[in-house]
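# what follows is a protein structure lacking sequence information:
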């Protein structure tokens, strides 16, 4: 991991430093900077093989927080920023995380959040989201079809810690103009393999 990458990660965490549960997030990811460092080889390999922008996010309450990002080698840059928090139901990483929850925990999440919409494509219906999560459990990767940001599609998979607990996930993102939904689905196995590699680097087998 480069010094710049470490500095960016620290800056992202410093942005959360005033939050009373910052120690909770640290515990969940086994020291965030160390987690990013262990994940970096798999993230870099995924970025090279997909030519997409790759994100790593950790679960923080009902939201996800970006802790690492590797831009695609493209003339544009994604608007996402380290330290940004996102609702789980509108992102590929978040849906992969939600799919891992017991039914009672998922129902509690739906009740707490109310599934607010961020774009016209965000799933705001509990039955529809649950139906999609059933498919996610089968494939082990999830899709974001312009649900978090108009014009951007993502495919994501969950990451587990040494105890097998889902702590977040990673994703490959691109402009909708560059990847159709079927093309993004075709990238799913690569994203899943990268997520499993990160989980293994964190001690899960």
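Alright, I've got the coordinates. Because the structure is predicted, anything quoted here is derived from the model rather than measured. Numbering: from 1, shown residues only.

# quick one: low-confidence parts of the chain?
1-34 (pLDDT under 70).

# go with 80
Segments of the chain classed as low confidence (criterion: pLDDT under 80) are 1-35, 205.

# and the longest helix for it?
If you go by DSSP state H, the chain has its longest helix at helix 181-201.

# now for that one, which elements pack on it?
helix 32-50, strand 142-145, strand 152-160, strand 166-175 (3 or more C-beta pairs under 8 Å, 6 or more residues apart in numbering; DSSP states H and E). (Glycine included, C-beta is placed from N, CA and C.)

# most neighbours per residue, which of those?
Each of the helices and strands packed on helix 181-201 was given a mean neighbour count from mean count of other C-beta atoms under 10 Å, and the largest, a mean of 28, is that of strand 152-160.

# elements contacting it?
strand 53-60, helix 92-98, strand 142-145, strand 166-175, helix 181-201.

# highest mean neighbour count out of these?
helix 92-98 (a mean of 28).

# from the chain's centroid, how far away is that helix?
The chain centre lies 7 Å from the centre of helix 92-98; the measure is C-alpha atoms, centre = their mean, to the nearest Å.

# what lies in contact with that helix?
55, 57, 59, 64, 86-89, 106, 109, 129, 132-133, 136, 140-144, 154-158, 166, 168-171, 195 (C-beta atoms under 8 Å, 6 or more residues apart in numbering).

# distance check, the residue nearest the centre of the chain against residue 59.
In the chain, the centroid-proximal residue (C-alpha atoms, centre = their mean) is residue 93; its distance is 3.1 Å. As judged by C-beta to C-beta, to the nearest Å, residue 93 and residue 59 stand 9 Å apart.

# with that, I have no additional questions.
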